[in-house]
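1. Compute the structure for the input listed below.
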Amino acid sequence: QVQLVESGGGLVQTGGSLGLSCAASGRTSSIRIMGWFRQAPGKEREIVTTINWSGGTTYYADSVKGRFTISRDNAENTVYLQMNSLKPEDTAVYYCNAHRAFTNYWGQGTQVTVSS
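-> The predicted model follows:
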């Protein structure tokens, strides 16, 4: 099992910045990929960004490219999401995700609200 604890998020104005972090614990040794997903009211959960835990290869959804940056600290088993130039359409609950042994693990979610 892997436990994920998110922190960060909150309310910010359009154009502002926020940072999220996600600390993994438990059986973290075989985590392959970590990332962030988000779910806006009335919409399906969508992928935001992922990072390969060993090589550091990243993926970004087109909607966040150039504005969001994912990074990791392997020693601390923590993944970070720096969000810049935020837009109202970025408003959602953001979920941390870890993929290990063909299983996806999820954090509890943290709210990000961008006011216009």
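
2. Ramachandran coordinates for the closest residue in space to G8 that isn't next to it in sequence?
-> Using Cβ to Cβ, 6 or more residues apart in numbering and skipping residues adjacent in sequence, the residue nearest G8 is L20, 3.9 Å away. C-beta coordinates here come from the backbone N, C-alpha and C atoms, glycine included. According to degrees, to the nearest 10, the main-chain angles of L20 amount to phi -120, psi 150.

3. Quick check: bridge partners of the nearest residue to M34 once chain neighbours are set aside?
-> Nearest non-adjacent residue to M34, counting by Cβ to Cβ, 6+ apart: V79, 4.5 Å away. V79 forms beta bridges with C22, R72, as assigned by DSSP bridges.

4. hang on, the earlier thing: can you give me the neighbour number for the residue nearest to G8?
-> 23 (other Cβ atoms under 10 Å).

5. Looks like it contacts T110 (just checking).
-> Yes. Shown here, L20 and T110 form a contact pair, counting by Cβ atoms under 8 Å, at 6.3 Å.

6. got any residues that touch both of those two?
-> 6-9, 94 (Cβ atoms under 8 Å, 6 or more residues apart in numbering).
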